[in-house]
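**Q** Any chance you could fold what I've pasted below:
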Amino acid sequence: PIMKRKATPRGAAQDIARLHQNEWGVWHWKPEKKLRPQFKGQSLGKDPDVAMREARRLNREVEAWTKKGTAPAAPRRRARSGPLTVSQLANIWRNGEDGLGSDHWRGLRERTQQQFRYALKVIEAEFGDEVANGITPARVRRWLDPVKRRAPGGAASYCKVGRVLFAFGIAGEHVEIRENPFAKQKLASGKRRPRYYSFEDIRHLVAVADGRVEPPPGSYQGQERFLRCPSIGTALLLGFACVQRISDVLALGTHNLVEKADPLTKETVTRLVFTQSKSQRKGRDFELEGGVRIDVRLPPLAARRLAAAPPLTAPKLNWQPLVVNETTLRTYSDWLASIKFARVRKRAIAVDPERWGHLAGMQLRDGRRSGFIHLRKMGLTVEQIVNLSGHTLEAGYKIVEHYLPRTAEEADEVAALMTGEL
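**A** Next up is the predicted model:
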């Protein structure tokens, strides 16, 4: 008989410092923040024996460096001869001279770095071996024209990253050209979808996520069966009721719900307190700073949802999220949450395609905008709503301008108020 290797329990990682296993079974070596300038985290694969052996070796390097107070010598970079290629310029931007990245790159948010890495792969696939000094606007345009026809959004993203890359090269005198070849490319501006959820839509989607609504027999394929997923309903409703980005909603925990006494009524109320992540910027030592601070009484709609469908316990984390993945008992990534929501939406439409067919193409992130419009339709002003949502006044008025266009009915209501005696 074939001898099977005994599975290594997740708890084994606790015996080796800095060794962790993620929800997909991949082992990672993660140094503390104070060590990261000298030691970078590493993925060690799924083989537990290999991972533990490599983690012990890395820990020995840390101990040796701690005793001596000097970092291991970094591999010497090959001296460049001649002009840089586009790939070499991208490597200087991403990696810097010390392998940690240029100051400009390190000043970008992690999510931005991730998006830029993907776009750089596309740019390098097209221009990588070409000398950066020889890239002209016409050369870029010949490449972008078919991309714009096929994927206008992608073309805009690639062009933006290319423009930032060459701006970095020109400012640092890594290239000898003065005109940025990715600048002044005629690209269509992104179009906002003029669609949003009504309160009835939200109620239906949450009910479907909770499993309280069944599609008619035969309307749903067996291989696409969707299990109950109350966490997605909670995420959608919190984004709608609190008028917050879904990325912030997925990062909320019980520590963001603070019990305070109301200064007027002296009644103890629950307040939602956190800093919006997108408005934060990297400052000194490349740490996140600033950001819009939200400190608001938890909307009754959100409070009732958390009481009716409390989040599952997350034993794998040292904090309790408000939205817990039923499968992994961890938080969701934006990507996984959007995939699960797409399944909820598909089943919601299948209940009655004629009534709910307008939900096709709607996304989880549309909840924030929909909550803003819902409050505006209830008669609140933009100035009032942005105190809850954290939008700037300019962004708030843009939402109203785009999603609530002027109508003859509203014009008639205003005109009727123009009265008086002459």
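
**Q** From Met418, how far out is Leu369?
**A** Wrong residue type there; residue 369 is Arg, not Leu. Here Arg369 is placed at a distance of 32 Å from Met418 (C-beta to C-beta, to the nearest Å). Placement of C-beta: from N, CA and C, glycine included.

**Q** packing partners for the helix or strand harbouring Leu301?
**A** Using DSSP states H and E, Leu301 maps to helix 300-308. On a contact count with 3 or more C-beta pairs under 8 Å, 6 or more residues apart in numbering; DSSP states H and E, helix 300-308 meets helix 230-242.

**Q** give the contact list for Thr313.
**A** Gln320, Val324, Leu329 (C-beta atoms under 8 Å, 6 or more residues apart in numbering).

**Q** In this structure, where's the longest strand?
**A** Counting residues, the longest strand in the chain under DSSP state E turns out to be strand 268-275.

**Q** and that one, which residues are buried?
**A** For strand 268-275, the neighbour count (16 or more other C-beta atoms under 10 Å) marks Leu272, Phe274, Thr275 as buried.

**Q** cool, and stretch 33-50?
**A** Leu35, Gln38, Phe39, Gln42, Leu44, Pro48.

**Q** Can you pull out the residues in contact with that stretch?
**A** Contacts of stretch 33-50 (C-beta under 8 Å, 6+ apart): 8, 12, 19, 25-31, 51, 54-55, 58, 61-62, 65, 71-72, 99-100.

**Q** Likewise for stretch 257-277?
**A** Counting by C-beta under 8 Å, 6+ apart, 242, 244-245, 247-248, 251-252, 256, 291-298, 302-303, 322, 390 sit against stretch 257-277.

**Q** Just the buried ones from those?
**A** 242, 244-245, 247-248, 251-252, 256, 292, 294, 298, 302-303, 322, 390.

**Q** Report how many residues lie close to the residue lying closest to Leu44 once chain neighbours are set aside.
**A** Ranked by C-beta to C-beta, 6 or more residues apart in numbering and with sequence neighbours excluded, the top spatial neighbour of Leu44 is Ala51, at 3.9 Å. Per other C-beta atoms under 10 Å, the neighbour tally for Ala51 reads 25.

**Q** and what of Leu329?
**A** 16.

**Q** Also Gly233?
**A** Neighbour number of Gly233 under other C-beta under 10 Å is 25.

**Q** what's it in contact with, if anything?
**A** Contacts of Gly233 by C-beta under 8 Å, 6+ apart are Leu205, Val206, Ala207, Val208, Ala209, Asp210, Arg305, Ala309, Val344.

**Q** any idea of the pLDDT on it?
**A** For Gly233, the pLDDT comes out at 97.

**Q** Against Phe274, how distant is it?
**A** For Gly233 relative to Phe274 (C-beta to C-beta), the value is 21 Å.

**Q** before we move on, back to that, now, which of the contacts of stretch 33-50 lie within helices?
**A** Using DSSP state H, the members of these that fall in helices are Ala51, Glu54, Ala55, Leu58, Glu61, Val62, Trp65.

**Q** Can you tell me how far the closest residue to Gln276 other than its chain neighbours is from Ala395?
**A** In space, and not counting its chain neighbours, Gln276 is closest to Val292: 4.5 Å by C-beta to C-beta, 6+ apart. Look at Val292 and Ala395: by C-beta to C-beta, they are 11 Å apart.

**Q** same deal with Phe286?
**A** In terms of C-beta to C-beta, Phe286 sits 27 Å off from Ala395.

**Q** And the pLDDT at the closest residue to Asn325 other than its chain neighbours?
**A** Using C-beta to C-beta, 6+ apart and skipping residues adjacent in sequence, the residue nearest Asn325 is Tyr332, 5.3 Å away. With respect to pLDDT, Tyr332 scores 94.

**Q** And for Pro1?
**A** 48.

**Q** Most neighbours of all the ones in helices among the contacts of stretch 33-50, which one?
**A** Ala51 (25 neighbours).

**Q** got a list of what Gly107 touches?
**A** So, once contact is read as C-beta under 8 Å, 6+ apart, Gly107 ends up touching Lys282, Phe286.
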